[in-house]
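Colleague: Let's see this in three dimensions:
(chains A, B, C and D)
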4 protein chains.
Amino acid sequence: MKWVTKITKVEPNHLVTKGYRQEDLIGNKPFAHIVYLILKGELPSEEHGNMMDAILSACIDHGVTPPSSIAARTVASGGVPLPTAVAAGILSIGDAHGGAIEKGAKFFQEGIKIMQEKGLDITEIAEILVHESSEKKKRILGFGHRVHTSDPRTKKLFYLSEKMNINGNHIALSKAIEKSLEKSIGKKLPINVDGAIAAIISDMGFDWKLGKAFFLIGRAAGLTAHVYEEQTEFKPMRKLFDMDCEYGGPEEMDLR
Amino acid sequence: MKWVTKITKVEPNHLVTKGYRQEDLIGNKPFAHIVYLILKGELPSEEHGNMMDAILSACIDHGVTPPSSIAARTVASGGVPLPTAVAAGILSIGDAHGGAIEKGAKFFQEGIKIMQEKGLDITEIAEILVHESSEKKKRILGFGHRVHTSDPRTKKLFYLSEKMNINGNHIALSKAIEKSLEKSIGKKLPINVDGAIAAIISDMGFDWKLGKAFFLIGRAAGLTAHVYEEQTEFKPMRKLFDMDCEYGGPEEMDLR
Amino acid sequence: MKWVTKITKVEPNHLVTKGYRQEDLIGNKPFAHIVYLILKGELPSEEHGNMMDAILSACIDHGVTPPSSIAARTVASGGVPLPTAVAAGILSIGDAHGGAIEKGAKFFQEGIKIMQEKGLDITEIAEILVHESSEKKKRILGFGHRVHTSDPRTKKLFYLSEKMNINGNHIALSKAIEKSLEKSIGKKLPINVDGAIAAIISDMGFDWKLGKAFFLIGRAAGLTAHVYEEQTEFKPMRKLFDMDCEYGGPEEMDLR
Amino acid sequence: MKWVTKITKVEPNHLVTKGYRQEDLIGNKPFAHIVYLILKGELPSEEHGNMMDAILSACIDHGVTPPSSIAARTVASGGVPLPTAVAAGILSIGDAHGGAIEKGAKFFQEGIKIMQEKGLDITEIAEILVHESSEKKKRILGFGHRVHTSDPRTKKLFYLSEKMNINGNHIALSKAIEKSLEKSIGKKLPINVDGAIAAIISDMGFDWKLGKAFFLIGRAAGLTAHVYEEQTEFKPMRKLFDMDCEYGGPEEMDLR
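Modeller: Below is the predicted model:
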């Protein structure tokens, strides 16, 4: 039952991560570049490293509104250690929260594959994909947002990807889908921050299975801030929310 | 039940974190500086920002040996989503794993306070603290390591803190305690990476209650790499370990 | 590194838990009795088994109001598997939520020990403990409830403990403290369900370190019901709560 | 945003779960019957209640071998509260660990539906399903076990379901699939405890989406016992396992 890890070699006074001694990495490469290294197996170019840095920063926090902040603060209010509460927030990162990065990246990566196999161009594959989704009544993830119509994070990320020369097929496809969706639905459903990250990491060569990873790593910092604020500024078991929920189960009855 | 958060303002197409618009931060400030901002409430100086970056990098991974990696990989092997498994790893960050940063920072911060109140110098307070701990048979956390005698991360972090002009009382105290411990025990018990981070963040003005936060944020990336490796290179429910455990409960008997 | 577990022997086609073959236990002993067995190392008397059953039942659910239900439902709304969401709820069981069972049991068990060592009676030790807590301005946990003044679960549990002949020193102490508190504060602060369980499990001989265990095991079922309801009756990412929270951090400014 | 829960009504001094006052349920109905009530919305018949009790008991523990025990004990060894460690164990309940109950129940329930729609009998649908799975090279979950060839829990559960008159189409289908699999593969792949529970809860009318729930609720007790043993009998950060893992990443190199 010998098995192999490709991540870190641990020997007394000697730590090697993906080929590099940790003391060489620490302080010489920005944290975001080392994150890229540990997930992809090689150090990024300056451009890719900067892009990764921007992606982690774009994920850092969305205030008290998303399930992850609510879960983290609620669990903190039960009187538990900081990591327990932060972990509770991370547990909520699922298909509906942060999940559009994974699903979007899968969708874009499979779309480009089909395009290449069938010798189509970007506009053609976008129209096929939008048509298919509309037929199957399936939403394409990564478009539209419950709060923002023009998300400042999305705009900045696309501005940076352009500047960093990260502008391959997946980003092009995401923009073509946006256009095609508008034609198909009759109203604009803009690429959201999840969709933008999905397209950019795909053009950076990341496996869609890592889609939730970038969001998780960036958001871990924001959740930590929420838990710290909850633990130091508020009382345990305080009322965080108003709930307009009523009991609608079986009528009260006697136990026979 | 109106309450106030000081972290992020969320309005349509407008996200402000600790006073800064997110689109201004993304790509203009390194992720580690934004982590500093969200935890401390102000952007760091270049030196403090670089130090934070190095600290996060020093926490990124310690291979498959610590409880957090084992827990994350084990939970992944049950067949669950990536964030669920990463969160399981984070749950193990406790008093015995990563906890020396919190406890060490508290110890250093309280020590320096006593020193100032009583008008002592660093050597005097170090000797008093070591003497007290020895009397109470309490271990001072942040010294000694189960694997390393001269941890490359510790050396690099102290080298950088010197270079970044972060060399206040808490770091001095940590070094004085190391010397005093050697005299008291008769053998060297070197400051470990947790102790070094505890001293450095104390000199950077961080609350000891955030001690586990830096470790958690850095390690979230390493745990993600472990879970991704487990999910893509290994089969679910594989045997990760050999266990030499036997049953020693009551003898088998009949139920009367 | 051979080590011993006293819980379950696992051999092919042969499972022995605390001395009993699992096939003998299943269907012959109620689940609550087997819970008692696995936590205490011996099967309960009929009375103790019934009491354990009642305690688990008393912990099963408190609607959508406590942190555990809110956390479980919120995490479920992120689009994750059922066990991930239930676990998030369990994470909130801490010093402030369910924790009064552990802290209360510790308080009662230590109180009775002091009583016996000093040759006091129940009323005397109760008055000493209430006086000390009032001096130190420390709340005695297990008394008072944010919703109930006369909790139906508390009354039923004490009625059953009487009937099951579980009425030792710890229950007596809890009642004496209630009286003494009323005298001291000038208003009734009745034993709550946590306090009642703390006293009863202490009289059943359980270690206070297991205080949160009974609550956790019973509540796991209620949390499962909440997550299942959330997953089958509601949409992901729905708005569960109204939050009256505003941003009060630094004023918006330009990044220099 | 008014919404409705059908689980528990919470009013001062008044708790009603699925129509019954909690003080009526506590001590009058076994815990397992109340679990049935809270998940299904009605109290069980004596037979169904007893079956539920046996199912929870059959899930209570499988020693230190499964991912859930390893994760719970490993997280406990990091020095965290009991519920945090138990929750980590629950997180590992996934498609590969306990998941065969959910997937098996879905498979049986869909199989019986097809049988009824097409007017087939049990043997015919079993053969079709086994044939299809073999064609698609998909394993049918709930058959075979990594440790047991004749699991004592499986035998006892089927013995009890027979005795409790729970012997409908789903159990019949599970047995027909076992036979058909033997013919198809040429060796016996017996129904395992997950498969047995999947078939029995399907005959009891439970939604397959609750498949992991019964396992989770029963196992929460066993995991609690493991965490308690770890916390009271062992040192934090002890070596629980031997790992034969080596680094196989990129060769060590200098950072350019």
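Colleague: Pull up the per-residue confidence for residue A:147.
Modeller: Note for residue A:147: predicted pLDDT of 84.
Colleague: can you check residue A:186 too?
Modeller: The predicted local confidence for residue A:186 is 89.
Colleague: try residue A:22
Modeller: 98.
Colleague: quick one, helices of the stretch 151-256 of chain A?
Modeller: Secondary structure of the stretch 151-256 of chain A (DSSP state H, counting those that start in this stretch): helices located at A:152-163, A:169-185, A:193-203, A:211-233.
Colleague: which regions of chain A lie under the pLDDT threshold?
Modeller: In the predicted model, chain A carries pLDDT under 70 at residues A:1.
Colleague: so can I have a markdown table of the helices of the stretch 151-256 of chain A showing mean neighbour count?
Modeller: All C-beta spots, glycine's among them, are computed from the backbone N, C-alpha and C. Below are the helices of the stretch 151-256 of chain A laid out as a markdown table (neighbours: other CB atoms under 10 Å in any protein chain shown):
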| stretch | mean neighbour count |
| --- | --- |
| helix A:152-163 | 20 |
| helix A:169-185 | 20 |
| helix A:193-203 | 28 |
| helix A:211-233 | 25 |
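Colleague: any idea which residue sits dead centre in chain A?
Modeller: When CA atoms, centre = their mean is applied to chain A, the residue found nearest the centroid is residue A:215 (3.4 Å).
Colleague: For that one, give its distance to chain C.
Modeller: Distance, residue A:215 to chain C, using CB to the nearest CB, to the nearest Å: 12 Å.
Colleague: for that residue, what are its contacts?
Modeller: Contact analysis of residue A:215 by CB atoms under 8 Å, 6 or more residues apart in numbering or on different chains lists A:59, A:93, A:98, A:101, A:194, A:197.
Colleague: ok, so what distance separates residue A:147 from residue B:15?
Modeller: Distance, residue A:147 to residue B:15, by CB to CB, to the nearest Å: 9 Å.
Colleague: How about residue A:55?
Modeller: Distance from residue A:55 to residue B:15, by CB to CB: 15 Å.
Colleague: neighbour-wise, which of these two wins?
Modeller: A count of neighbours by other CB atoms under 10 Å in any protein chain shown puts residue A:55 above the other of residue A:55 and residue B:15, at 30 against 26.
Colleague: Figure out the helix or strand that the more buried one lives in.
Modeller: helix A:46-58 (DSSP states H and E).
Colleague: Check which helices and strands that helix sits against.
Modeller: helix A:31-40, helix A:152-163, helix A:193-203, helix A:211-233, helix B:22-25, helix B:31-40 (3 or more CB pairs under 8 Å, 6 or more residues apart in numbering or on different chains; DSSP states H and E).
Colleague: what residues does the last one touch?
Modeller: Put plainly, it is helix B:31-40. For helix B:31-40, the external contacting residues (CB under 8 Å, 6+ apart) are A:30-32, A:53, A:56-57, A:60-61, A:218, A:221-222, A:224-225, A:228, B:7, B:17-18, B:20, B:25, B:29, B:43-44, B:48-50, B:52-53, B:56, B:205-206, B:210, B:213, B:217.
Colleague: Narrow those to just the buried residues.
Modeller: A:30-32, A:53, A:56-57, A:60-61, A:218, A:221-222, A:224-225, A:228, B:7, B:17-18, B:20, B:25, B:29, B:43-44, B:48-50, B:52-53, B:56, B:206, B:210, B:213, B:217 (16 or more other CB atoms under 10 Å in any protein chain shown).
Colleague: The residue lying closest to residue A:99 once chain neighbours are set aside and residue C:236: what is the separation?
Modeller: Nearest non-adjacent residue to residue A:99, counting by CB to CB, 6 or more residues apart in numbering or on different chains: residue C:79, 5.8 Å away. Relative to residue C:236, residue C:79 is positioned 5 Å away (CB to CB).
Colleague: can you check residue A:7 too?
Modeller: Counting by CB to CB - residue A:7 and residue C:236 are separated by 33 Å.
Colleague: Same check on residue A:184?
Modeller: The value you get for residue A:184 to residue C:236, if CB to CB is used, is 24 Å.
Colleague: ok, back up a step: okay if I get the helices of the stretch 151-256 of chain A as JSON lines plus distance to residue B:180?
Modeller: Converted to JSON lines, the helices of the stretch 151-256 of chain A look like this (distance: least, CB to CB, whole Å):
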{"stretch": "helix A:152-163", "distance to residue B:180": "50"}
{"stretch": "helix A:169-185", "distance to residue B:180": "58"}
{"stretch": "helix A:193-203", "distance to residue B:180": "50"}
{"stretch": "helix A:211-233", "distance to residue B:180": "32"}
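Colleague: can you give me the helices for the stretch 1-150 of chain A?
Modeller: A:22-25, A:31-40, A:46-58, A:67-76, A:82-91, A:99-118, A:122-135.
Colleague: Can I get these in a markdown table including distance to residue C:69?
Modeller: Converted to a markdown table, the helices of the stretch 1-150 of chain A look like this (distance: least, CB to CB, whole Å):
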| stretch | distance to residue C:69 |
| --- | --- |
| helix A:22-25 | 43 |
| helix A:31-40 | 35 |
| helix A:46-58 | 32 |
| helix A:67-76 | 9 |
| helix A:82-91 | 13 |
| helix A:99-118 | 23 |
| helix A:122-135 | 36 |
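Colleague: for these, which one sits closest to residue C:137?
Modeller: Closest approach to residue C:137 among these (CB to CB): helix A:67-76, 23.9 Å.
Colleague: Mind checking if the closest one is in reach of chain C?
Modeller: Yes - Helix A:67-76 lies within reach of chain C by CB under 8 Å from any CB of the partner chain, at A:67, A:68, A:70, A:71, A:74, A:75.
Colleague: Which residues outside that helix are in contact with it?
Modeller: Contacts of helix A:67-76 (CB under 8 Å, 6+ apart): A:61-64, A:82, A:84-86, A:88-93, A:97-98, A:219, A:222-223, A:226-227, A:230-231, A:240-241, C:67, C:70-71, C:74-75, C:77-78, C:88, C:91-92, C:94, C:237, C:240-241.
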